[in-house]
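Enquirer: The following comprises the amino acid sequence and a computationally predicted model.
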Amino acid sequence: MLNNQAQKWIIKNGTFVVLNDEHSVVKGYMLVEDDLITYIGEEKPDCSDDIPVFDGTHLLFLPGLVNTHGHAAMSLLRGYGDDLALQVWLQEKMWPMEEKFTSENVYWGSSLSVLEMLKGGTTTFLDMYDHMDQVAKVVQESGMRAVLTRGVIGFCSEEMQQHKLNEAINFAKDWNGQAEGRITTMMSPHAPYTCHPAFFEKFVQAAHDLDLPMHTHMSETLSEVAQNVADYGLRPTQHLEKLGMFTRPSIIAHGVHLTDEEIEILATHDVGVSHNPGSNLKLASGIARVTDLLKAGVTVSLGTDSAASNNNLDMFEEMRLAALIHKGISGDPTAIPAAEALRMGTTYGAKSLFLDNVGRLAPGMKADFIALNTDQAHFLPHTDFISHSIYSASAKDVEHVWVDGKQVVKNGACLTIDEERIRREAQSAFEGLLNR
Ligand SMILES: CSC[C@H]1O[C@@H](n2cnc3c(O)ncnc32)[C@H](O)[C@@H]1O
Ligand SMILES: [Zn+2]
């Protein structure tokens, strides 16, 4: 058994997806020292023969997947409110239930999501929610990497708005850099349709004061865009530009309904877009203009959104959807090739979250990586591992996961958190919510 405390260890006989200019896949060795990858190559590196060795035969090593938009605690509402449009789903199903959420509910709901994500190969996630100290606790315990942000809906008194803003500021201050650097934070007004302009501007100011990036939901549905134009005379991208959001490093979730001019604004300000194809399809919100965004130079990453609108947190499914739906809608089979979908789920995700040393297998990068079992019917023959990762793989193929150089999933089982207890507590939390 490989010791989790080992400072330096090596993988032999592995197949590594590197996606660099010279090659896509390297067969051979990867050296890990503490939290970093220090070598990948065909030749055995110059290191002592005494270090622990992990045999990578039949394993495909990929960078850990990066989920750039979600609400982890909402896994407690998986299957509660299907087949509804966004506003009905929020107002009639999600918000009434979320009003009853305790911090304990958020803890178990987030644990359930973290368990699902880790076992499915996601090593970093962005989470926007309430009771964020509970989400941070789950991140600490699980060993996962996360970008956390207290999302704020401004449908309340001015006094309550200020209270929520203070909570968001204090959380962002207190937790940035915690969990041995695995947690970073952002400022997040929930959306332009739930935070009026003056309130939204307070988040921009706080992000400036704390030197933090910003995140929000934007242009998810046609009706929300029409409402924005009716209320403020501007489309959402122009509205948020006017409020100063894009003077901060920013990532918006969805961006389904954008004009050419809006795409240009996002590109000019280097605003990332978290594309959530599964959630957008399920809520019938539409299909984002991903190929146009990428062509314009926008960094497009992938998010699951919550398990209440998806209804799983399988990033392999999001990568596959991204590779398929943009071919279907454009009539162009070359749209979003497999390598690009994989970058969206890894490298571009890390870039969108401002994590400089995450998202690629290369020397100097964080040792966040996953290993898939390739000795299965749907992985054969071994023609093209990048193609198989996108068009054939799913979360169920993940055997091992490492974050920050530590193994957190081994032979499909999570080593850091108690799966059996989480399953039990999540079910009883949901039953409690129904009866409250
Ligand atoms: C207060 S932070 C989280 C807030 O966001 C809501 N939410 C979940 N999914 C979506 C979505 O797709 N668009 C907009 N808002 C969403 C969730 O119910 C929480 O109240
Ligand atoms: Zn969301």
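Expert: Noted; the coordinates are in hand. Ligands and ions are numbered 1, 2, ... in the order given.
Enquirer: Per-residue pLDDT of the closest residue to Ser306 other than its chain neighbours, please?
Expert: By the measure of Cβ to Cβ, 6 or more residues apart in numbering, the closest residue to Ser306 outside its immediate chain neighbours is Met74, 3.6 Å from it. In short, each C-beta sits where N, CA and C put it, glycine included. Looking at Met74, its pLDDT reads 98.
Enquirer: okay, now Met74: neighbour count?
Expert: Using other Cβ atoms under 10 Å, Met74 has 26 neighbouring residues.
Enquirer: my guess is it is in a helix, correct?
Expert: Yes. Counting by DSSP: H, G, I helix; E, B strand; the rest coil, Met74 falls inside a helix.
Enquirer: In contact with it, which residues are there?
Expert: Met94, Glu98, Gly109, Ser113, Tyr129, Ser306, Ala307, Ala308 (Cβ atoms under 8 Å, 6 or more residues apart in numbering).
Enquirer: Help me confirm that the last one comes into contact with Ser75.
Expert: Yes. Applying Cβ atoms under 8 Å as the test, Ala308 and Ser75 come out as touching, 7.4 Å apart.
Enquirer: Show me which of those two is the more surrounded one.
Expert: Of the pair Ala308 and Ser75, Ser75 is the one with more neighbours under other Cβ under 10 Å, namely 28 against 25.
Enquirer: what's the distance between the more buried one and ligand 1?
Expert: 12 Å (Cβ to the nearest ligand atom, to the nearest Å).
Enquirer: Which residue, neighbours along the chain excluded, lies closest to that residue?
Expert: Per Cβ to Cβ, 6+ apart, closest to Ser75 is Ala307, 4.0 Å.
Enquirer: OK, contacts around the one you found?
Expert: Met74, Ser75, Leu77, Arg78, Ser113, Glu116, Leu313 are the contacts of Ala307 under Cβ under 8 Å, 6+ apart.
Enquirer: Any idea how many residues pack against the fourth one?
Expert: It stands for Arg78. 22.
Enquirer: How about the backbone phi and psi for it?
Expert: For Arg78, the backbone dihedrals (degrees, to the nearest 10) come out as phi -60, psi 130.
Enquirer: so where does the residue lying closest to it once chain neighbours are set aside fall, helix or strand?
Expert: Excluding the flanking residues, the one nearest Arg78 by Cβ to Cβ, 6+ apart is Ala307, at 4.3 Å. Using DSSP states H and E, no element contains Ala307; it sits outside every helix and strand.
Enquirer: Let me know the distance separating Ala307 from Glu98.
Expert: For Ala307, the distance to Glu98 (Cβ to Cβ, to the nearest Å) stands at 14 Å.
Enquirer: Now do the shared contacts for those two.
Expert: In contact with both Ala307 and Glu98: Met74, Leu77, using Cβ under 8 Å, 6+ apart.
Enquirer: so what's the closest residue to Gln376 other than its chain neighbours up against?
Expert: For Gln376, ignoring the flanking residues on the chain, the nearest one in space by Cβ to Cβ, 6+ apart is Asp397 at 6.9 Å. Asp397 sits next to Phe316, Leu372, Asn373, Gln376, Phe379 when contact means Cβ under 8 Å, 6+ apart.
Enquirer: Adding neighbour count and secondary structure, write the residues you listed out as a markdown table.
Expert: A markdown table is the format used below for these (neighbours: other Cβ atoms under 10 Å; DSSP: H, G, I helix; E, B strand; the rest coil):
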| residue | neighbour count | secondary structure |
| --- | --- | --- |
| Phe316 | 26 | helix |
| Leu372 | 26 | strand |
| Asn373 | 17 | strand |
| Gln376 | 14 | coil |
| Phe379 | 19 | helix |
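Enquirer: quick one: which of the residues you listed is nearest to ligand 1?
Expert: Checking the contacts of Asp397 against ligand 1 with Cβ to the nearest ligand atom, the nearest one is Phe316 at 20.5 Å.
Enquirer: measure that closest one to Thr122 for me?
Expert: 9 Å.
Enquirer: Overlap in contacts, these two.
Expert: Common neighbours of Phe316 and Thr122 (Cβ under 8 Å, 6+ apart) are Leu65.
Enquirer: most neighbours, which of the contacts of Met74?
Expert: Highest neighbour count within these: Gly109, with 33 neighbours (other Cβ under 10 Å).
Enquirer: That one against Leu76, yeah?
Expert: Yes. With contact defined as Cβ under 8 Å, Gly109 reaches Leu76; the gap is 4.0 Å.
Enquirer: tell me, what's touching these two both at once?
Expert: By Cβ under 8 Å, 6+ apart, the residues touching both Gly109 and Leu76 are Phe101, Ala426, Ala429.
Enquirer: dump the residue contacts of the residue in the chain that ligand 1 sits nearest to.
Expert: The minimum distance from the chain to ligand 1, using Cβ to the nearest ligand atom, falls at Gly151 (2.6 Å). Applying Cβ under 8 Å, 6+ apart, we find Gly151 in contact with His71, Met128, Tyr129, Asp130, Ser188, Pro189, His190.
Enquirer: Put the buried members of those into a ChimeraX selection.
Expert: Burial among the contacts of Gly151 is assessed by 16 or more other Cβ atoms under 10 Å; the matching ChimeraX selection reads:
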select :71,128,129,130,188,189,190
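Enquirer: Keep the contacts of Gly151, but drop any that are not near ligand 1.
Expert: His71, Met128, Tyr129, Asp130, His190 (Cβ under 6 Å from any ligand atom).
Enquirer: Would you tell me whether stretch 208-217 gets close to ligand 1?
Expert: Yes. Using Cβ under 6 Å from any ligand atom, stretch 208-217 comes into contact with ligand 1 via His217.
Enquirer: Go through that stretch and flag the buried ones.
Expert: In stretch 208-217, counting by 16+ other Cβ under 10 Å, buried: Leu210, Leu212, Pro213, Met214, His215, Thr216, His217.
Enquirer: pull the CA atoms of it into CSV?
Expert: The C-alpha coordinates for stretch 208-217 follow below in CSV (Å, rounded to 0.1, in the frame of the first residue of the first chain):
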residue,chain,number,x,y,z
HIS,A,208,-12.0,45.3,-4.9
ASP,A,209,-11.3,45.8,-1.1
LEU,A,210,-10.5,42.1,-0.6
ASP,A,211,-8.8,41.8,-4.0
LEU,A,212,-11.0,38.8,-4.9
PRO,A,213,-12.7,37.6,-8.1
MET,A,214,-16.4,37.7,-8.6
HIS,A,215,-19.0,35.1,-9.7
THR,A,216,-22.7,35.3,-10.6
HIS,A,217,-25.5,33.7,-12.6
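Enquirer: Need the contact partners of it.
Expert: The contact list for stretch 208-217, computed with Cβ under 8 Å, 6+ apart, reads 69, 126, 128, 149, 169, 172-173, 176, 185-192, 203-204, 206-207, 240, 245, 247-254, 354.
Enquirer: can you give me the end-to-end distance of stretch 82-89?
Expert: The straight-line separation of the ends of stretch 82-89 (Cα to Cα, to the nearest Å) is 8 Å.
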